[in-house]
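*Asks:* Fold the following, please.
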Amino acid sequence: MPLYDCMLLLKPHVRKESVVELVSRVGKHVYRRNGVITDLKSHGTVQLGYGIKKLDGRYYQGQMMQMTMMTPPSFNSELHYLNKEDRLLRWLLVKHRDIKFGGEFLSEDDGRSDLRMMRSSIYDMNSEDEDDDDEEAYDIEYQEQKKDV
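*Replies:* Got it, this is the predicted structure:
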């Protein structure tokens, strides 16, 4: 079974008991489909980049919850009942992909050669930057403007 993250953005005034009830309802749904919740995180109240308009007003804050779970692939279509949930501003289900991190990435030969190339280009002190000329020209113009004032 693939691993999914279910992100829940709830209205800021929703009480903890109500949040627990909603999360347990989703958890029971996962369990009924022979799934497992592997992690549950609360990110607290977050400021939103834009207001989300609902029937009872526009919201600029929300409570963020993250549920990590292993469920069958058909589970995504079974979460449609969350659309009718008035406590939620938004919800999103994201599938984890086979991404390599840290030591797993470095253990492969192609990863090492890529890192060596990046390291050599970053720390290469013999290469001359073309931007130096622009910086010097800017400094000269700035000093001339400063003299005029």
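
*Asks:* what comes up buried for stretch 31-46?
*Replies:* Neighbour-count burial for stretch 31-46 flags 35, 37 (criterion: 16 or more other Cβ atoms under 10 Å). All C-beta spots, glycine's among them, are computed from the backbone N, C-alpha and C.

*Asks:* And for stretch 52-68?
*Replies:* Quick answer for stretch 52-68 (16+ other Cβ under 10 Å): 59, 62-65, 67-68.

*Asks:* what does stretch 69-87 give?
*Replies:* 69-71, 75, 79, 82, 87.

*Asks:* from the residues you listed, which two are the most distant?
*Replies:* Farthest-apart pair in these is Met70 and Arg87; separation 25.2 Å (Cβ to Cβ).

*Asks:* Roughly how far does Met1 sit from Arg97?
*Replies:* 14 Å (Cβ to Cβ, to the nearest Å).

*Asks:* Of these two, which one has the most company?
*Replies:* A count of neighbours by other Cβ atoms under 10 Å puts Met1 above the other of Met1 and Arg97, at 13 against 7.

*Asks:* my read: the more buried one touches Ser74, true?
*Replies:* No - the pair Met1 / Ser74 is not scored as a contact, 10.7 Å apart, by Cβ atoms under 8 Å.

*Asks:* what about the strands in this structure?
*Replies:* Ranges of strands in the chain, per DSSP state E, are 3-10, 36-54, 57-70, 88-95.

*Asks:* These: which one's closest to Gly27?
*Replies:* Per Cβ to Cβ, nearest to Gly27 of these: strand 36-54, 5.3 Å.

*Asks:* That closest one - contacts with which helices or strands?
*Replies:* If you count contacts as 3 or more Cβ pairs under 8 Å, 6 or more residues apart in numbering; DSSP states H and E, strand 36-54 packs onto strand 3-10, helix 16-32, strand 57-70, strand 88-95.

*Asks:* Note down every partner strand of the last one and its orientation.
*Replies:* Paired neighbours of strand 88-95 in the sheet (DSSP bridges): strand 3-10 (antiparallel).
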